[in-house]
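J.: quick one: sequence plus predicted model below, questions after.
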Amino acid sequence: MPFDLIKRQNLLIDGKRVPAQSGRYFTTVNPATEEVIAEVAEADEADIDAAVRSARAAFEGPWSKMRAADRGKLLLKFADVIRDHQDELIELESLDSGKPVSAIRRQDMPAVLDTLTYYAGMADKINGQVIPARVDALTYTVREPLGVVGAIVPWNFPLMIGMWKIAPALACGCTVVLKPAEITPLTALRLGELALEAGFPPGVLNVVPGFGKTAGNALVEHPDVDKITFTGSPGVGRSILRGAAGNLKRVTLELGGKSANIIFPDADIDAAVRAAAAGIFFNTGQVCSAGSRILVHEAIYDTVIEKLAARATTIRVGDPQDASTGMGPLVSDVQMKRVLDYIDIGVKEGATVVAGGKRCTEAGYFVAPTVFGGVEHEMRISQEEIFGPVATVIKFKDEEDALRLANGTVYSLAAGIWSADIGRVHRFARRLKAGTVWVNTFGPTDIRLPWGGSRDSGFGREHGDMAIENFTETKVVWINTGA
Ligand code: NAD
């Protein structure tokens, strides 16, 4: 068993594993078996306060005295330590979230390491500017770390999304209080331990599992937190904006999506179907940018439905710890019920299940890869984020129709277009409402490229050098030199 997975996992505050002040624990479950795998200390307001105080002391103390280049070296060391423990982290992530080990090894873990090394290299390149505003003064800017960052993350990519926030925040010289999702707290705690092993001073990275309404909200409302970086649902995003108003914290929100993947008849249809299937079934559809709405030109609609349904039925659904598994369970009982409810809603709305449509095992939260045909744009399954392995396939007539459908939800995170017509590709890239537009591919992300959305998908951009702006403040220094 990895990570001394025995039974009681305490919080990580100020470099020490400590129980919650209330003494309370909650359980975390393996979604493939429904077995309890650990009891986890349940942080609430008092523990969040202790974590924030530790983060503040580290920020004012050892962390602020370290050279930026040395922060970068520590981040590289952190990457080395994680690499040395990657088998353990992969197994733990899979046990806690139900993600297949093969996918974590291929996708999440390389992304975690890439993120760390990318921001390690950036730590000593966060520069100001000399701006010659006057002849009687030397005027320049410096970029200073914001201070204490509260990072609140979801359960669909616990390690990877956690690192998307930790690495740039630390590179900028901030300290972090990380609140993992209550259903996947284990790898975050282990990351915190590995950071200490790498040599980060206590308090630079604190990890406080707990529930959203208590621990999450206490972090959001804490007067000594300077910034909240959040990935999760639009409803919670709204509540975070309200909660952060008290001390006018800076906020970045990466929220949901209902991304359109648009297939024209001039596309490579087999490649489009392959990517469309991966775009909705990868990570059991629990991906904010999942291509959950597949918009298909009427001339190829029947062919695409047939090929997609065939692909859906060949996906190996099963034990996430088995290296040959293609799709694991949903993350929780609640999530499985939500997905099954949406399948019922789709049927009642008049759409047709052409593949899957049901739970596949008695134990574990497994739902078969599901394809709905005959979907109308106004149906709830076409408008609302299901966050499960459910593809809705919608017919369109022409470009205008495709654009109207693609832009016709409250979300604007990502979109894909499949076409060999270069003019059409450019027209769509310009007119699609999305933070990312993929052309003749669907779903890749890279830490060097800005990531985020608008409207109900949130605001702000993570990744690349834009993330540096999320964790720094600009100061002007004006030195009177005399003319
Ligand atoms: P969620 O919003 O319920 O929870 C996310 C995190 O917020 C958890 O840690 C939770 O404990 C915490 N939280 C809940 N209520 C809170 C509150 N009142 N105050 C502070 N924190 C609170 O979302 P989820 O169910 O964990 O994740 C699924 C959602 O996340 C989907 O909508 C999905 O699209 C979105 N998501 C977006 C991206 C992106 O990059 N845009 C990536 C992954 C997931």
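T.: Sure, I can see it. Predicted, not measured: the structure shown is a model, and the values here were computed from it.
J.: what helix or strand is R83 on?
T.: If you go by DSSP states H and E, R83 is part of helix 68-84.
J.: neighbouring contacts of that helix?
T.: Residues external to helix 68-84 that are found in contact with it (C-beta atoms under 8 Å, 6 or more residues apart in numbering): 63, 66, 89, 112-113, 116-117, 119-124, 126, 167, 170-171, 173, 191, 194-195, 197-200. Every residue, glycine included, has its C-beta placed from N, CA and C.
J.: please apply the same query to stretch 227-235.
T.: Here stretch 227-235 makes contact (C-beta under 8 Å, 6+ apart) with 146-154, 161, 164-165, 169, 174, 181, 219-220, 236-237, 240, 244, 249-256, 288, 410, 456-458, 462, 470-471.
J.: re earlier: okay, angle between the helix or strand just after the helix holding R83 and helix 68-84 too, please.
T.: Per DSSP H and E, the first helix or strand lying C-terminal to helix 68-84 is helix 86-97. Computed with axes from the mean of the first three to the mean of the last three C-alpha atoms, to 10 degrees, the direction of helix 86-97 lies at 80 degrees from that of helix 68-84.
J.: flag every buried residue along the helix or strand just after helix 86-97.
T.: The helix or strand immediately downstream of helix 86-97 is helix 101-103, counting by DSSP H and E. Of all the residues in helix 101-103, those buried under the rule 16 or more other C-beta atoms under 10 Å are V101, S102, A103.
J.: mark which of the contacts of helix 68-84 are buried, thanks.
T.: When the contacts of helix 68-84 are checked for burial by 16+ other C-beta under 10 Å, the buried set is 63, 66, 89, 112-113, 116-117, 119-120, 122-123, 126, 167, 170-171, 173, 191, 194-195, 198, 200.
J.: tell me the residues of this protein that contact the ligand?
T.: Counting by C-beta under 6 Å from any ligand atom, the residues of the chain lying close to the ligand are 152-156, 179, 181-182, 211-213, 216-217, 220, 231-233, 236, 239-240, 254-257, 288, 385, 387, 413.
J.: quick one on the thing from earlier: buried residues, the helix holding R83. List them.
T.: A68, R71, G72, K73, L74, L75, L76, K77, F78, A79, V81, I82.
J.: turn the residues you listed into TSV, columns for pLDDT.
T.: What follows is those, written out as TSV (pLDDT from 0 to 100):
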residue	pLDDT
A68	98
R71	98
G72	98
K73	98
L74	98
L75	98
L76	98
K77	98
F78	98
A79	98
V81	98
I82	98
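J.: which one of these is nearest to the ligand?
T.: I82 (20.7 Å; C-beta to the nearest ligand atom).
J.: sorry, back to before: now find how far off-centre the helix holding R83 is within its chain.
T.: 22 Å (C-alpha atoms, centre = their mean, to the nearest Å).
J.: could I get the buried residues of helix 68-84 in TSV, plus columns for distance to A312?
T.: Formatted as TSV, these follow (distance: C-beta to C-beta, whole Å):
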residue	distance to A312
A68	49
R71	46
G72	45
K73	47
L74	45
L75	41
L76	42
K77	44
F78	39
A79	37
V81	40
I82	34
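J.: which of these sits closest to A483?
T.: Comparing the buried residues of helix 68-84 against A483 with C-beta to C-beta places A68 closest, at 34.3 Å.
J.: buried subset of the contacts of stretch 227-235?
T.: Among these, the ones that count as buried by 16+ other C-beta under 10 Å are 146-154, 161, 164-165, 169, 174, 181, 219-220, 236-237, 240, 244, 249-256, 288, 456-458, 462, 470-471.
J.: which parts of the stretch 1-150 of the chain are strands?
T.: Remark: strands assigned in the stretch 1-150 of the chain by DSSP state E, counting those that start in this stretch are 8-9, 11-13, 16-18, 25-30, 35-41, 137-145, 148-152.
J.: between those strands, which one is closest to N283.
T.: Of the strands of the stretch 1-150 of the chain, nearest to N283 by C-beta to C-beta is strand 25-30, at 16.6 Å.
J.: who's sitting farthest from the centroid in this structure?
T.: Distance to the chain centre peaks in the chain at A483, reaching 52.4 Å (criterion: C-alpha atoms, centre = their mean).
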